[in-house]
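# I need the structure of the sequence given here:
(chains A and B)
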Amino acid sequence: MAAASFTAAKFFAPVAARSGGDRAPLHASSSLWPRTKPAPRLRTALAVSDVLSGNKAAPAAAVHPSATRDEALELYEDMVLGRVFEDMCAQMYYRGKMFGFVHLYNGQEAVSTGFIKLLNQADCVVSTYRDHVHALSKGVPARSVMAELFGKATGCCRGQGGSMHMFSAPHNLLGGFAFIGEGIPVATGAAFAAKYRHEVLKESGPDGLDVTLAFFGDGTCNNGQFFECLNMAQLWKLPIVFVVENNLWAIGMSHVRATSDPEIWKKGPAFGMPGVHVDGMDVLKVREVAKEAIERARRGEGPTLVECETYRFRGHSLADPDELRKPDEKSHYAARDPIAALKKYIIEQNLATESELKSIEKKIDDVVEEAVEFADASPLPQRSQLLENVFSDPKGFGIGSDGKYRCEDPLFTQGTAQV
Amino acid sequence: MVARAAVAANAVAAAEFKSGGHELLLFEALREALIEEMKADPTVCVFGEDVGHYGGSYKVTKGLAEMFGDLRVLDTPIAENSFTGMGVGAAMKGLRPVVEGMNMGFLLLAYNQISNNCGMLHYTSGGQFKIPLVIRGPGGVGRQLGAEHSQRLESYFQSIPGLQMVACSTPYNAKGLMKAAIRSENPVVLFEHVLLYNLKEKIPDEEYICCLEEAEMVRPGEHVTILTYSRMRYHVMQAAKTLVNKGYDPEVIDIRSLKPFDLHTIGNSIKKTHRVLIVEECMRTGGIGASLRSAIIDNFWDYLDAPIMCLSSQDVPTPYAAPLEDATVVQPAQIVAAVEQICQ
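This is a model prediction of the structure:
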């Protein structure tokens, strides 16, 4: 079971044990928990929090977590940056400035901000194709991300990665991955390296182990790499937090249609680590859970699985017509917009005035506008760039018929890569 | 037969070195390389199934866990895709993992990580992260191990951009290539062969490495260039004895670097002999020979006096029954016949 030091009472939502995913319908009253007669399995997706709140055994909501003025404004600014940036991406895409598959993060900002703003520079973030906002929260400049999206040489990956492959070594952003699940082993390896540095190389940071966050979605939680890495991370007590952004949909596949037991947090204890469910539309709640999980990892107590209930306001990608999700589900979550919620909190707690928040929004508008101008003005990569980063050591291109390494030919980068 | 061929090959083995030296088996040479590199560089570590307490399925890592500890010689659960990906992530963060496939064939389960992450991440990150990973393991057709344990992955991996591939064939080049692969900043796949682990050879006491990109001249000659690698080197040398008795003078080159090809050594040979025979163990379709043929045509067409011949394994799942298995791989008699045909 979970490590004793973890606050079990707070974090194990004691949902009645049952198999499968029988659910009360969204509109039913909370007393209709199907204890005797199972409700028919529904095809529509539901808010998981409605499922949990329908269970009378769930603990009453604790006091809502708080934030200082500085903390709240930092969080607000970061979430607004994420939102405005993604909205600008949509505009730029439809204007033909960026191409291919672009997956926007609108609505999920509380997860990125809530977790990543707690990290140090030395901590690592591993993401998926929905990675723009993770990059921004980790500190990658908006202009670098925008230039990468425009495919310019000044992009964070020299234009070679694109929307789904954001990397930044100075910010310890280890990607950006297109295939579902394939970043999780990479994150597990980064966490392994942190433990190795401490135990084998005897390098210790002042705060403890460097922590790695792996972000991925609900669909990924049915993939083998997820389970294999939960096992290994717990086995070796790696300093990693597995952050599930459960937005209920994997393109057009609803989470409950794909998953035998849709409560993902439960899969943590199955591997011996704590499993936590949190309202991913509330940045302060996310931050509170994140703090505990990150500190656990830093102390060397091992991984945590955190399931964040969240929602993407836009389609899976800009190519997705988004016809399967029902209007009432969308409006349910629109009413829980994390930015509006934090704004309300800030005003009600008198942490800042409307006009202070407006000036943050204006500042972010300027940052994103400047990012677009920078990306527009930046050059496209030259042909000579094509072969430069195939190998870290370009001797890998081999020895030519003249006996010299092919890369020694000054014209090599204009040529071909095949041997 | 393999051992006898190996003894014959030792007479023309790669290195001439100062007096002294020590004799060991190929798997011990790999082990020696690992120990030397792990002593010299604390970021070098090993991941794999049964590499630690069990000492490795072919004893390449025997005793290493006692020497370096359970974290540096990591016994992994059976999860090739994930522990290979872990190797990639660890490499991105400064470690130099050596990932073992208990049998090379198992690495098919890691194809996603090898192709997408290992090969690609240096490029898609715009050069920000390097992946100095070594992926190694026993492969090739053994003695009636059945189809799934008799695979040759070199043909499957060869298209992956960003990957280097080398195949060792003697204790000398096994140690040298392992050291070079570990030191390389590129991801390198080191192909070992199940039937070659007990080859014995005397290797230098002083430190040496082999160049990853170079081919190895095994037997200089004038009449025909025979390009081969791994176990087939020994079938070629067996055939060479017969050919010499028949009056032929074959030049035998162990290409060692399966990707990239050493066009200098290969080209110089072709310019001399004008005839080429490729002898490989992978399947014919999409094999190393197919790419090599293509590269030779592109670069040395004018020097050829005869069509390039290529002898490969049959495109069949390796059968269990002994005569069928023997018929799957290239045998010395076929090599002799091919040289006779080329030299007509």
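
# okay, CA-based contacts and neighbour counts for the rest of this
Fine.

# report the secondary structure state of B:Cys45.
Under DSSP: H, G, I helix; E, B strand; the rest coil, B:Cys45 falls in the strand class.

# show me where the stretch 101-250 of chain B has helices.
Taking DSSP state H, counting those that start in this stretch to define them, one finds helices in the stretch 101-250 of chain B at B:111-112, B:121-124, B:154-157, B:171-183, B:232-245.

# who's in contact with the fourth one?
Just to be clear, that refers to helix B:171-183. B:14-15, B:24-34, B:37, B:44, B:96, B:98, B:132-134, B:166, B:168, B:187-188, B:190, B:199-203, B:208-212 (CA atoms under 8 Å, 6 or more residues apart in numbering or on different chains).

# got it, and the shortest one?
The contact list for helix B:111-112 (CA under 8 Å, 6+ apart) reads A:Glu182, B:Asn81.

# spell out which residues of the stretch 101-250 of chain A are next to chain B.
By CA under 8 Å from any CA of the partner chain, the residues of the stretch 101-250 of chain A that approach chain B are A:156-161, A:165-169, A:174-175, A:182-183, A:185-193, A:196, A:200-201, A:225, A:228-229, A:232.

# where in the stretch 101-250 of chain A is pLDDT low?
Applying pLDDT under 70 to the stretch 101-250 of chain A picks out no residues at all.

# for it, which segments count as strands?
All strands of the stretch 101-250 of chain A, identified by DSSP state E, counting those that start in this stretch, fall at A:124-126, A:167-168, A:173-174, A:212-217, A:240-246, A:249-250.

# now for B:Thr328: which residues touch it?
Per CA under 8 Å, 6+ apart, neighbours of B:Thr328: B:Ser313, B:Gln314, B:Val316, B:Thr318, B:Pro319.

# now B:Ile160
B:Ser115, B:Gly119 are the contacts of B:Ile160 under CA under 8 Å, 6+ apart.

# ok, A:Gly302 next?
Per CA under 8 Å, 6+ apart, neighbours of A:Gly302: A:Ala233, A:Gln234, A:Trp236, A:Lys237, A:Leu238, A:Pro239, A:Ile240, A:Met273, A:Arg296.

# widest-spaced pair of these?
Using CA to CA, these span at most 14.0 Å, a distance reached by A:Trp236 and A:Arg296.

# which one of these two is surrounded by more residues?
A:Arg296 (22 against 15; other CA atoms under 10 Å in any protein chain shown).

# state the distance from that one to A:Lys237.
10 Å (CA to CA, to the nearest Å).

# show me the common contact partners of the two, please.
By CA under 8 Å, 6+ apart, the residues touching both A:Arg296 and A:Lys237 are A:Gly302, A:Pro303.

# show me which of the residues of the stretch 101-250 of chain A next to chain B are buried.
A:156-161, A:165-169, A:174-175, A:182-183, A:185-193, A:196, A:200, A:225, A:228-229, A:232 (16 or more other CA atoms under 10 Å in any protein chain shown).

# and the strands in chain B?
Remark: strands assigned in chain B by DSSP state E are B:22-25, B:44-48, B:73-75, B:96-100, B:134-139, B:164-167, B:188-193, B:200-203, B:216-219, B:224-228, B:250-254, B:257-259, B:276-283, B:309-313.

# quick one: contacts of the third one?
Spelled out, it's strand B:73-75. Residues contacting strand B:73-75 (CA under 8 Å, 6+ apart): B:Cys45, B:Val46, B:Phe47, B:Gly48, B:Glu49, B:Asp50, B:Val51, B:Gly52, B:His53, B:Leu64, B:Ala65.

# which one of the residues in the stretch 151-300 of chain B is closest to chain A?
B:His264 (4.0 Å; CA to the nearest CA).

# and the closest residue in space to that residue that isn't next to it in sequence, what pLDDT?
Of all residues not flanking B:His264 in the chain, A:Ser401 sits nearest, at 4.0 Å (CA to CA, 6 or more residues apart in numbering or on different chains). A:Ser401 is assigned a predicted lDDT (pLDDT) of 95.
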